[in-house]
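K.L.:
based on what follows, work out the 3D shape:
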Amino acid sequence: MTITAPRELDELCYLTAQSMTSLVTSEHFKLIKKLGEGSYGKVMLAVHQKRGTPMALKFFPRRSTTLQAFLREYNLSVSYCTHPSLTRALGIFYSTPSHYVFAQEAGLYGDLYDVIVSEEGVSEECSQRVMSQLSGAVSHLHSLGFVHRDIKPENIFLCDCACRWVKLGDFGLARAQRTKVRAVWYNSPFCVPEVECAKRVSDAEEETEDIWMSVEPSLDTWALGILIYCLLTSCFPWEETTSDDPSYCKYRDWFNRIKQREETQDTVREENEAETDVAPQFDSLSSFVLTLLRKLLNPLPWLRPGPDEILSYLGGPWLLKTEKEELRREQEAQVEAKKMHERGGVEGEKEILGRRER
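P.N.:
So this is what the prediction gives:
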C-alpha cells in the first residue's frame, strides 16, 4: 500500500480549486437523458457541442456539497482511477450558480442492479466475469491507499449489454485507509457488522457521543461478498447486518459452527455434516463458493482477506447444481476409466474394437 496518493490528492484539490471555471452547461453540452440520481445529485448523459463526444455529467448541488468534497471525488477519479474497471473522470470540471459539475465516462448500458433484478438474472459464468473485474479494480484502489466504502450494484456500470466489461464508479465516500470516520449504520446487508453499535446509538432516545471507526479495506471485502450473493441469487442474504435480523443470525450461527469444527479438527464425517446444515438462504450455492463467502463475510473484519482472494475461486462451480453436475461427470469418467482398466487399458480396448471390425 502506498501512502503518497492520499497526500497527493489533497494537493490536487488545492490546485484545482484555483483553476475552477464557471460555465453555462447548455453552451457547451447537449443533455440527452438522466442516467441516475441519488443523495449526491444527478448524472446526465450529454454530448459535447463541438466534438460530439458522449459523456456523463455529474451534477452536485452547491447547497448540499462542499467544494472540497466535489474536488476530492473529481481528482480521485481523474488521477487515480486508471484501472480499466474503474470509472474515470474526463478532465472537465466547472461550476454553475447552482451546481458543481464534472464529466466522466458514461455507462451507456445502465448499472448492474438492473441486470440482477431482471427476469434473466445473471448467469454463473457472467457472475465470475464481473467479480474478476471488480476484484482487480478494488485491489487497485487499495494498493493506492484508498477504500471505496460504497460498493453496490447501483454503482457498477455496464459498458455492454452482456456484462463483459463493467466499471465501478461513485467515489464520493472513498477515503484514505486508516483515517477515522464517524460510524454510520444503515439498513442494508452491505452495512458491515462492526457498525451495529452505531445502530444502538441511533436508536437511543438520549443524546450520546458519536462512535468513530477506522477506514479499512475489509469494508470493501464485505461488500464484494454480498455482491457475489446478489449476482448468484438475485436477492439479498438478509435485510440488515445486525442481531435483530433472523436471516443474518442464521448465517452467523452457521459460520460459528463451522469455525468451531475447524478449530477442533473434527472428522470428515462432521465436515460433511457442516455442508448439510448450511444457512438456508445459501442452500443453492456450491460448497466451493461458500468457502469463499465465509472468508469475505467474516464477522471479524481483521480476518477478512483482500479482494484478490476472489481470483482463487474463479473457474470452479459457484452454484450447487453446477457442482453436482461436475461431480456426476467425474464419477461417470471414473467408472469408464475403471472399465477400460479391467479390459486391459487403451491397447486392450483397441484389440477388442479390431476384433469387432473383423
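
K.L.:
need the helices for this protein, in chain order.
P.N.:
4-18, 25-28, 67-80, 112-116, 124-144, 196-203, 218-233, 246-263, 268-276, 287-296, 320-342, 345-357 (DSSP state H).

K.L.:
okay, now residue 232: neighbour count?
P.N.:
Applying other C-beta atoms under 10 Å, we find 24 other residues in the vicinity of residue 232. In this view, the C-beta of every residue, glycine as well, is placed from N, C-alpha and C.

K.L.:
check residue 149 too.
P.N.:
Residue 149, neighbours per other C-beta under 10 Å, totals 18.

K.L.:
now residue 33
P.N.:
By other C-beta under 10 Å, neighbour count at residue 33 equals 7.

K.L.:
how close does it sit to residue 98?
P.N.:
20 Å (C-beta to C-beta, to the nearest Å).

K.L.:
go on, residue 176?
P.N.:
With C-beta to C-beta as the criterion, residue 176 and residue 98 are 30 Å apart.

K.L.:
try residue 289
P.N.:
47 Å.

K.L.:
who's more crowded, these two?
P.N.:
Between residue 289 and residue 98, counted using other C-beta under 10 Å, residue 289 has the larger neighbour count: 24 against 11.

K.L.:
coming back round to it: for residue 45, find the nearest of the helices of the chain.
P.N.:
Comparing the helices of the chain by their distance to residue 45 (C-beta to C-beta), the top pick is helix 25-28, with 13.0 Å.

K.L.:
which intervals of the protein have sub-threshold pLDDT?
P.N.:
For the chain, the stretches flagged by pLDDT under 70 are 1-3, 201-208, 265-276, 345-358.

K.L.:
center of it, which residue is that?
P.N.:
Compute the mean C-alpha point of the chain, and by C-alpha atoms, centre = their mean the closest residue is residue 224, 3.6 Å away.

K.L.:
surely that residue and residue 132 touch.
P.N.:
No - using C-beta atoms under 8 Å, residue 224 is not in contact with residue 132, being 11.4 Å away.

K.L.:
which residues do the two both contact?
P.N.:
The contact sets of residue 224 and residue 132 overlap at residue 310 (C-beta atoms under 8 Å, 6 or more residues apart in numbering).

K.L.:
buried residues, stretch 14-22. List them.
P.N.:
residue 16 (16 or more other C-beta atoms under 10 Å).

K.L.:
ok, and what's touching that stretch?
P.N.:
With C-beta under 8 Å, 6+ apart as the test, stretch 14-22 has contacts from 67, 71, 74-75, 93-96.

K.L.:
can you show me the CA trace of that stretch as PDB?
P.N.:
What follows is stretch 14-22, C-alpha atoms only, in PDB (Å, rounded to 0.1, in the frame of the first residue of the first chain):
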ATOM      1  CA  TYR A  14      -5.900  22.700  -3.600                       C
ATOM      2  CA  LEU A  15      -4.500  23.300  -7.100                       C
ATOM      3  CA  THR A  16      -7.700  22.600  -9.000                       C
ATOM      4  CA  ALA A  17      -9.700  24.900  -6.700                       C
ATOM      5  CA  GLN A  18      -7.500  27.700  -8.100                       C
ATOM      6  CA  SER A  19      -8.500  26.800 -11.700                       C
ATOM      7  CA  MET A  20     -12.200  26.200 -11.300                       C
ATOM      8  CA  THR A  21     -14.200  28.000 -14.100                       C
ATOM      9  CA  SER A  22     -17.800  28.900 -14.400                       C
END
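
K.L.:
heads up, I number from 44, so please use that
P.N.:
New numbering, starting at 44: the last item is stretch 57-65.

K.L.:
just how off-centre is that stretch within its chain?
P.N.:
Averaging C-alpha positions (C-alpha atoms, centre = their mean, to the nearest Å) puts stretch 57-65 33 Å from its chain's average.

K.L.:
ok, stretch 331-344 next?
P.N.:
How far stretch 331-344 lies from its chain's middle: 14 Å, per C-alpha atoms, centre = their mean.

K.L.:
for stretch 69-77, same thing?
P.N.:
On C-alpha atoms, centre = their mean, the centre of stretch 69-77 falls 31 Å from that of its chain.
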